[in-house]
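In: I'll drop the sequence and a predicted model, then ask my questions.
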Amino acid sequence: DSARVAAISRVVEYFLSSLDNSQITIEEQLHGSSYLSLVSGVCELFEKDVVAIVSVSDSTLTNVQVNIASQFNIPIIAGLATNSFLESANSYYGESIQLVRLSPSDIYQSQAIFDLLKEYHWREFSILASADDYGTDGVVHLLYLAAHDETFSIRNVQHFDVGVDTEDQSVKLFSNELQLIKESLVRVIVLNCAQKFTEIVFKVKEWFTAQGGDPTDLNIYSAMVVEGLRLVNDCLGKLDKTTWDDSPSVSCDSESKWYGGIDLFNEMSQAFAKGNKDHITYDIMNFKPEGYVKIGTWRNTGGLFDNQDKNVRWIERDDVTFIGGARSAPSGFGRRLSGFHLKVGIIQESPIALLKENCTAEKSSPSCWYGWNPDIIKRLALDLNFTYEFVEQAESKYGAFDETLKSWSGMVKELYDGELDLTTVLSINTVRAQYISFTTPIYEDQASIAVGVKSTSLSANMFFFLKPFETSVWFSIAVLIIVISVLMTFLSKISPLAEYENRTPMLKPCSGCTARNGTKPRLVDVKAGDQSQADDSKANLTAHLTLDQKNVDITSLEDLLTQKEYSWGLGKDRNLETMMHSHENKDYRKIAEKAEKIGVLDEAMERLKMGGFAFIDDNSVLEVYLQGYCEAAIVKTGKFANHWALGLQMNSPYEAFINNMLLQYREEGWLTDTFNDWYSGDTQTSCSSSLGSETTFGPLVLSGLYVILLGGIVLSFITVLIELLYVAHQHSVRTGCSL
């Protein structure tokens, strides 16, 4: 760059002329951008017996210079190298390096940027950086700071090719990278690259030109050269000339070292660090139509400061111009998905999602679908302002992992392959969570067992109403009845009133009589609350009696293993199968292994209707599919809590938007109301044998009760006969008459 060379030469001449006691002579050496040219330039300076090298190269080239010069103990004074890995990268190989940095490390720049992000509450941002040492290493500390603050989220990091011709107008630099960042939906971008690329990003090269027409970077280059030369000159004057070796005499063709370089390096390091190490300052600039405008500073000792008063901490500014000319700080993340079109995976399963018959539109049209999930997607689209289409899963599979093929099936596979943006509800489990993401759960269910039984005279238990109490309870009641009966008989025999019982006035209720306090007596006063409790007790008792009336002894999952009357099944590729197969309880694993794998729920319902079969699935699913079918009982196990959520691609940019809306729907109660509308609506048909319904027991159902009553009548007649025989016997004894 001829302009840069000319500017530096003028500055060097001015610097030498201003020195009263010059300790140095200056050798200028130009080099190209290739490593070979750079190495040759350093070696030529060695031949000129230089004691130090002042470099204004970037971090990448400076790293090469340091690697070479340090082998010979020749110090490097780097004016513009800010890479935070310069020291560590070279010391890694066990070599001591002689590097004095005039510009602060990128670590401080990252801290300044991070403080600025916090000031404006931009907690979500993306990074666009050049694919070189400066671009990649320059943001490492920023990544570290964001990773250690849980309130921050980096949505996307993109690096662009630095090898393109920036003067070629046909080259669309950053186009792919910026598009990817746009898809991350973040509105704050941290740009880290050389100035020539920044000019292209903003497309306003005139902003980078200071008053007077000289590019601002020439002033920076010149200032760094002067600072480096002054440092070398001042430190040379402080060295003890009687003990210091002032003749390097090194060459790239030999392994000689200049030990005097160590003394010079130590002196320069102490001199520079003494006044600069703890006082690093960055200017905070605002891009405006008129160019750069300084609005504040950042100090490593205190953070952000107002430009008007350097001793006042940074405050919200009203003089900062944001994109579009806005004066107030924009949000770092949008709250709507305007302009986005999502592909939503869907499976027909009542009432989650149903396809309208004879729909005239395309099958992917939202107007052709109805149900619980289509209602949720429809509201999300309205609130977030996106459009969508449904993609029906060809095999009607939610998705399971094949251990042999190491691949997924169903909607999970389509999400993982990027064919879908969103799906209707999927059950959350750890295996799926390794490949796809989920929204916040919108429903929690548990496993139940549907038991298919034929309520015939052969299968029904006519004494089912005895089951609410254990046998010991009924035995105790029977003993008490007998004891009380015997006691009453005994008392009647010894009571003096027994002989004259016909004279004893009978206690009869009188109509129209009043109590002593003037009020009419009443037997029971049932309040509304008492009636509600009675209804609840009736429902719970009915649930228990119904199950026992069907002669079903299955009350838990474990009972499946101990009985032999029923085979059982599990839904294939459904979450419950995965959960049971991987459970730590060996009984649950055994149940899953022995279960028949049913691919379609309709098939499971048909098996239940045939009898002798039990099907394990989510309780809400079984209740919907068994509505109106009275020959099956549902046993709630209370096991395997199953969370349902919408499926997303891993690291989906839509996740935060959708989760925010779903949480709002939950707080409003809308999610619960919508679920109840579809799962517990007017379509549910109760029947006399459905578990948990308020059943009115008919004569056929209570046949066992009539058997017991008949037995009681027979027993009563036998008792009366025995009593008559006993009385006759006693009479014959007293009178001497025959029986």
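Out: Yes, it's here. Residues are numbered from 1 along each chain as shown.
In: what bits of the stretch 301-450 of the chain have low per-residue confidence?
Out: 307-317, 333-335 (pLDDT under 70).
In: could you pull out the strands for it?
Out: With DSSP state E, counting those that start in this stretch as the criterion, the stretch 301-450 of the chain has strands at 303-306, 341-346, 354-355, 369-370, 387-392, 401-402, 407-408, 422-427, 436-438, 443-452.
In: ok, which stretches of the stretch 51-200 of the chain are strands?
Out: Here the stretch 51-200 of the chain has its strands, by DSSP E, counting those that start in this stretch, at 53-55, 76-78, 99-101, 124-130, 153-160, 189-192.
In: With distance to Ile718 and mean neighbour count as extra columns, can I get those strands in CSV?
Out: (C-beta placed from N, C-alpha, C; glycine too.) Shown next, in CSV, are these (distance: least, CB to CB, whole Å; neighbours: other CB atoms under 10 Å):
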stretch, distance to Ile718, mean neighbour count
strand 53-55, 121, 24
strand 76-78, 117, 26
strand 99-101, 114, 22
strand 124-130, 88, 22
strand 153-160, 85, 18
strand 189-192, 98, 19
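In: Nearest to Leu16, out of the ones you listed?
Out: For the strands of the stretch 51-200 of the chain, proximity to Leu16 was assessed by CB to CB; strand 53-55 is nearest, at 13.2 Å.
In: The closest one: partners in the sheet, and parallel or antiparallel?
Out: strand 76-78 (parallel) (DSSP bridges).
In: pLDDT of the strand it pairs with, averaged?
Out: In this model, strand 76-78 carries a mean pLDDT of 89.
In: Give me the distance from it to the chain's centre.
Out: Computed by CA atoms, centre = their mean, to the nearest Å, the chain-centroid distance of strand 76-78 equals 48 Å.
In: List the contacts of it.
Out: Contacting residues not belonging to strand 76-78 are listed as 52-55, 57, 62, 65-66, 69-70, 86, 98-103, 228, 231-232, 268 [CB atoms under 8 Å, 6 or more residues apart in numbering].
In: Out of those, which end up buried?
Out: Neighbour-count burial (16 or more other CB atoms under 10 Å) is assigned, among those, to 52-55, 57, 62, 65-66, 69-70, 86, 98-103, 228, 231-232, 268.
In: show me where the stretch 301-450 of the chain has helices.
Out: 372-384, 410-416, 430-433 (DSSP state H, counting those that start in this stretch).
In: Now render those helices as a markdown table, adding mean neighbour count.
Out: Output for those, formatted as a markdown table (neighbours: other CB atoms under 10 Å):
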| stretch | mean neighbour count |
| --- | --- |
| helix 372-384 | 19 |
| helix 410-416 | 23 |
| helix 430-433 | 14 |
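In: I'd like to know which of the ones you listed lies nearest to Tyr654.
Out: In terms of CB to CB, the element of the helices of the stretch 301-450 of the chain nearest to Tyr654 is helix 372-384, at 8.4 Å.
In: winner for burial among the strands of the stretch 301-450 of the chain?
Out: Ranked by mean neighbour count, the strands of the stretch 301-450 of the chain are led by strand 422-427 with a mean of 25 (mean count of other CB atoms under 10 Å).
In: That one packs against which elements?
Out: In terms of contacts (3 or more CB pairs under 8 Å, 6 or more residues apart in numbering; DSSP states H and E), strand 422-427 is packed against strand 341-346, helix 372-384, helix 410-416, helix 575-581, strand 632-649.
In: and Ser556, which of the ones you listed is closest to it?
Out: strand 632-649 (6.1 Å).
In: any idea how far the closest one is from the chain center?
Out: Using CA atoms, centre = their mean, the offset of strand 632-649 from its chain centre is 19 Å.
In: want to try JSON lines for the helices and strands packed on strand 422-427, with distance to Thr555 as columns?
Out: Below are the helices and strands packed on strand 422-427 laid out as JSON lines (distance: least, CB to CB, whole Å):
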{"stretch": "strand 341-346", "distance to Thr555": "36"}
{"stretch": "helix 372-384", "distance to Thr555": "30"}
{"stretch": "helix 410-416", "distance to Thr555": "33"}
{"stretch": "helix 575-581", "distance to Thr555": "18"}
{"stretch": "strand 632-649", "distance to Thr555": "6"}
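In: Val42 in helix, strand or coil?
Out: Under DSSP: H, G, I helix; E, B strand; the rest coil, the three-state class of Val42 is helix.
In: How many neighbouring residues does the nearest residue to it once chain neighbours are set aside have?
Out: The shortest distance from Val42 to any non-neighbouring residue, by CB to CB, 6 or more residues apart in numbering, is to Ile68 (5.0 Å). Around Ile68 there are 18 other residues, counting by other CB atoms under 10 Å.
In: Just list the residues touching the closest residue to His643 other than its chain neighbours, thanks.
Out: Distances taken as CB to CB, 6+ apart place Pro441 nearest to His643, at 4.0 Å, with adjacent residues excluded. By CB under 8 Å, 6+ apart, Pro441 lies in contact with Ile428, His643, Trp644, Ala645.
In: picking up where we left off before, so which of the strands of the stretch 51-200 of the chain is nearest Ala592?
Out: Comparing the strands of the stretch 51-200 of the chain against Ala592 with CB to CB, the closest turns out to be strand 153-160 (38.5 Å).
In: Can you list the strands that the closest one pairs with?
Out: By DSSP bridges, strand 153-160 pairs with strand 124-130 (parallel).
In: From Ala595, how far off is Gly32?
Out: 74 Å (CB to CB, to the nearest Å).
In: and what of Lys639?
Out: Using CB to CB, Lys639 is found at 15 Å from Ala595.
In: what sits against Asp402?
Out: Trp408, Ser409 are the contacts of Asp402 under CB under 8 Å, 6+ apart.
In: Who is it paired with across the strands?
Out: Going by DSSP bridges, Asp402 forms beta bridges with Ser407.
In: separation between it and Val54?
Out: For Asp402 relative to Val54 (CB to CB), the value is 64 Å.
In: And Gly32 and Ala595? Which one has more around it.
Out: Each of Gly32 and Ala595 has its neighbours counted (other CB under 10 Å); Ala595 has more, 22 against 10.
In: ok, the more buried one touching Ile616?
Out: Yes - at 6.9 Å, Ala595 counts as touching Ile616 under the criterion of CB atoms under 8 Å.
In: need the contact list for the closest residue in space to Val431 that isn't next to it in sequence.
Out: In space, and not counting its chain neighbours, Val431 is closest to Phe401: 5.5 Å by CB to CB, 6+ apart. Counting by CB under 8 Å, 6+ apart, Phe401 touches Ser407, Trp408, Val412, Val431, Arg432.
In: Noted, bye for now.
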